[in-house]
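K.L.:
Let me see the structure of the following:
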Amino acid sequence: MKEIIKIAWRNIWRNKLRSSVVIISIVLGIWSGLFIMAMTYGLNEQRINGAITTTLSHGQIHNPKFLSDQTINDTILYRLAVITSINTIPQVKAYSERIISPGMVANAKGTFGTQLTGIDPQNEIKVTEIYNHLIEGTYFTKIKRNPAVIGKKLADKMKIKINSKIIVTLQNSVGDLVNAAFRVEGIFKTQNTTFDGSTIFVRKDDLAKIVDFKNGEINEIAYVGNSLEQASIIAEKLKLKDKNNKTETWDEISPELGYAQEMMSTFLIIFMLIVLAALSFGIINSMLMAVLERKKELGMLMAVGMKKQKVFAMITFETVFLTMLAAPLGLLLSYLSIEYYSTHGIDLSMFSSGLESLGIAAIMYTYLPREMYVNVTLLTLLVAFISSLFPARRALKLNPAEAIKSL
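P.N.:
Numbering: from 1, shown residues only. Sure, this is the predicted structure:
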């Protein structure tokens, strides 16, 4: 077998140009496939992280009736008991209480639908990163009476600037429509223009007075754990401690994000299989040409007694050797380019309006889990072995006597 391996190694360099073309094609195929996978993973990760750090957090608690119609009177049941339960769970890093009220915001430029989110700014900065997305103004530090922080898209639609006054119409706890005046203290811009165009953050205490909440009522508690993986652990513990309210993780609140996360690995493996399948046709074609060019030589080897199993092994080893030379180069090129763009990013600002409507930032950072490199390596070797079977089988069908007579 050692002699067969040596012969196979020498054979791949008998036609250096053809072998080089095969190696380069495999390198480029692996690099392009992995890089596209990294772009897809990166876009999905950015979308999920953007949603978690601006709206969803790792999980939320609501009155079971609240999510269906968001009626302001559907407040969290036994709030103090829920807070006590949260404080007993060590995985919870921080939490924030919120009042959620849909309404209409108006000024001289028109009237627009919005959602008022009443927050405690000191607790909210531990849960979300809206304060890091401010492009103008401050985050509830300057204006004392009814300050508001609004999204840039909403500010642009209403032609609002810092210190502008806005009038919000909403329903209070007894069902009456009330008007409230707020002054814009800050303008934020996230990667989600839909969120930016419909959200206004105000202080929880200010909103409680407007809607006539007198006993600390809230509609929502958002929490974060020490890591995203702990979200489900926290949720399960809260469900055991609190049977009155509904606790959901980020992927239960926004199932389309959770579904995309679950399907991503499967989809990308299928995509990589398609890329490698396309490469396999090039490998088969090159190796088949090599077999036909060496028809006389192979016929002589079989005529002097070389067993068909050894001929089969020789052709197989030649194909695998080409792949083993190309795969590390393709993986190295992929790793270097993915790592570079994971920190420097790819500027997609020309598509920013479309991307931001989907909750994706204009600067895309590549990301690829380490296990994907292993999976692709194994898939590449498998495809190379399968690709070697047809040329090897073609060699076994040669008639030694006819092959020796061929030119």
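K.L.:
so where's the stretch 251-400 of the chain shaky on pLDDT?
P.N.:
261, 351-360, 399-400 (pLDDT under 70).
K.L.:
Check the secondary structure at the nearest residue to residue 26 once chain neighbours are set aside for me.
P.N.:
The spatially closest residue to residue 26, leaving aside those adjacent along the chain, is residue 326, at 3.6 Å (Cβ to Cβ, 6 or more residues apart in numbering). Bear in mind the C-beta positions are built from the backbone N, C-alpha and C, glycine included. Three-state assignment for residue 326 (DSSP: H, G, I helix; E, B strand; the rest coil): helix.
K.L.:
Residue 326: how many residues sit nearby?
P.N.:
24 (other Cβ atoms under 10 Å).
K.L.:
same deal with residue 91?
P.N.:
By other Cβ under 10 Å, the residues close to residue 91 number 16.
K.L.:
Check the one 10 residues further on too.
P.N.:
Counted with other Cβ under 10 Å, the neighbours of residue 101 add up to 24.
K.L.:
That one: which element?
P.N.:
In the assignment (DSSP states H and E), residue 101 maps to strand 92-107.
K.L.:
got it, and residue 292?
P.N.:
Per DSSP H and E: residue 292 is located in helix 255-293.
K.L.:
residues in contact with the residue nearest to residue 28 when sequence neighbours are not counted?
P.N.:
In space, residue 28 comes closest to residue 330 once its chain neighbours are excluded; the distance is 7.5 Å by Cβ to Cβ, 6+ apart. Contacts for residue 330 (Cβ atoms under 8 Å, 6 or more residues apart in numbering) come out as 26-31, 34, 380.
K.L.:
Skipping its backbone neighbours, what lies nearest residue 283 in space?
P.N.:
Residue 283's closest residue in space is residue 387 (Cβ to Cβ, 6+ apart), at 4.3 Å.
K.L.:
Please verify my assumption that the one you found contacts residue 286.
P.N.:
No. Contact criterion Cβ atoms under 8 Å: residue 387 and residue 286 do not qualify, at 9.5 Å.
K.L.:
and residue 201, helix, strand or coil?
P.N.:
Per three-state DSSP, residue 201 ends up strand.
K.L.:
Strands along the chain, start to end?
P.N.:
59-62, 92-107, 110-119, 134-137, 147-151, 165-171, 177-188, 199-203, 220-225, 246-249, 346-347, 363-364 (DSSP state E).
K.L.:
Just give me how far the strand holding residue 101 sits from the chain centre.
P.N.:
Mean-position distance between strand 92-107 and its chain equals 26 Å (Cα atoms, centre = their mean, to the nearest Å).
K.L.:
cool, and stretch 78-93?
P.N.:
30 Å.
K.L.:
average model confidence for it?
P.N.:
Taken as a whole, stretch 78-93 has an average pLDDT of 95.
K.L.:
CA-only coordinates of that stretch in PDB, if you can.
P.N.:
Provided in PDB are the C-alpha atoms of stretch 78-93 (Å, rounded to 0.1, in the frame of the first residue of the first chain):
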ATOM      1  CA  TYR A  78     -48.700  40.400  41.900                       C
ATOM      2  CA  ARG A  79     -45.800  42.700  40.800                       C
ATOM      3  CA  LEU A  80     -43.900  42.700  44.100                       C
ATOM      4  CA  ALA A  81     -44.000  38.900  44.300                       C
ATOM      5  CA  VAL A  82     -42.600  38.700  40.700                       C
ATOM      6  CA  ILE A  83     -39.800  41.100  41.600                       C
ATOM      7  CA  THR A  84     -38.900  39.000  44.600                       C
ATOM      8  CA  SER A  85     -38.800  35.900  42.500                       C
ATOM      9  CA  ILE A  86     -36.500  37.600  39.900                       C
ATOM     10  CA  ASN A  87     -34.100  38.700  42.700                       C
ATOM     11  CA  THR A  88     -33.800  35.100  43.900                       C
ATOM     12  CA  ILE A  89     -32.500  33.800  40.500                       C
ATOM     13  CA  PRO A  90     -28.700  34.100  40.300                       C
ATOM     14  CA  GLN A  91     -28.600  34.000  36.500                       C
ATOM     15  CA  VAL A  92     -30.500  37.300  36.200                       C
ATOM     16  CA  LYS A  93     -28.000  40.100  35.600                       C
END
